[in-house]
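1. got a structure for you, letters missing:
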């Protein structure tokens, strides 16, 4: 009986604690390495942090 | 004298909000004019009252409110002695907050099960928030479907002490008669001797909340 009571009470305390925590942890901003400027005549390096522009990172330009 | 408003709320479904609402309102109707406000889109309280036969109407008026709850409760405050609001099982809609802002007391039915108990912690926070707009709001947990011979049920009292909301001394026991009453569109008061023990416990709850 005592064991049941303490388990139930511990659950309540845990639920309270969970509620008091913020819903999501603050998102950390990943550091982005500066892109090297391509020299004229060179193929620009694929943009690695932009999912839409980087669909085919190995084939930036059409063949 | 304006009506005393009781909101019956818990964001957890199946905790017996409508059963408590309808039997509490029937008991209150024996003491004064009583209105049930069905604020739950499921419309269970309204359906309950519709099941009552013509020769024995449900003893309180039941209205369904889909619009502004505060405005509707305010409109009826002078016409009734007691108003009982059956809230929807969610904190996502504004209905529960508005009911608590309009209420004098919120009753939170809690089942004697670990998950129901732990989920009810969110209600304590909702009550705290509602008090920003209604600082006189009183709140009580009420044990529902208590099984006196069950160890878990007996252990609940101790666990309820962990909440910042006090629990009522009186509780609702698990009885088949509550389900029968719903089927007949009645309250336990209408079921003669079959409903007597349940009616007595509802009366005890009413006396307790009116005396607080």
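-> Good, I have the coordinates. Everything numeric here is computed off the predicted structure, so don't read it as measured data.

2. do stretch B:15-31 and chain A meet at all?
-> No. Legend: contact between stretch B:15-31 and chain A by CB under 8 Å from any CB of the partner chain is lacking; minimum distance shown is 15.5 Å. Using the backbone N, CA and C atoms, a C-beta is placed for each residue, glycine as well.

3. just the buried residues of that stretch, please?
-> B:15-29 (16 or more other CB atoms under 10 Å in any protein chain shown).

4. likewise for stretch B:142-150?
-> B:142, B:143, B:144, B:145, B:146.

5. show me what residue of chain A gets nearest to chain B.
-> residue A:8 (3.5 Å; CB to the nearest CB).

6. ok, that residue - contacts?
-> B:114, B:117, B:152, B:155, B:156, B:158, B:159 (CB atoms under 8 Å, 6 or more residues apart in numbering or on different chains).

7. report the contact partners of the first one.
-> Going back to what we said before, that points to residue B:114. Taking CB under 8 Å, 6+ apart, we find residue B:114 in contact with A:7, A:8, A:11, B:152.

8. the residue nearest to the third one when sequence neighbours are not counted: what secondary structure?
-> Spelled out, that is residue A:11. Sequence neighbours aside, residue B:118 is the residue nearest to residue A:11 in space, at 4.7 Å (criterion: CB to CB, 6 or more residues apart in numbering or on different chains). Here residue B:118 is helix, with the state taken from DSSP: H, G, I helix; E, B strand; the rest coil.

9. ok, residue B:118 to residue A:12 distance?
-> 6 Å (CB to CB, to the nearest Å).

10. hang on, the earlier thing: buried only: go through the contacts of residue B:114 for me.
-> Buried among the contacts of residue B:114 by 16+ other CB under 10 Å: A:8, A:11, B:152.

11. quick check: the last one vs chain A, distance?
-> Yep, that's residue B:152 we're talking about. 6 Å (CB to the nearest CB, to the nearest Å).

12. wait, that residue sits on residue B:112?
-> Yes. If you go by CB atoms under 8 Å, residue B:152 and residue B:112 touch, sitting 5.6 Å apart.

13. give me the nearest residue to the residue in chain B that chain A sits nearest to, chain neighbours excluded.
-> Among the residues of chain B, residue B:159 lies closest to chain A, at 3.5 Å counting by CB to the nearest CB. Setting aside the residues directly before and after it, residue B:159 is nearest to residue A:8 in space (CB to CB, 6+ apart), at 3.5 Å.

14. helix or strand for the one you found, which one?
-> helix A:2-20 (DSSP states H and E).

15. before we move on, what about residue B:141?
-> Using DSSP H and E, residue B:141 sits in strand B:138-143.

16. how far is the following helix or strand past that strand from where the chain is centred?
-> For strand B:138-143, the succeeding helix or strand toward the C-terminus, using DSSP H and E, is helix B:151-160. Centroid separation between helix B:151-160 and its chain, computed with CA atoms, centre = their mean, to the nearest Å, is 21 Å.
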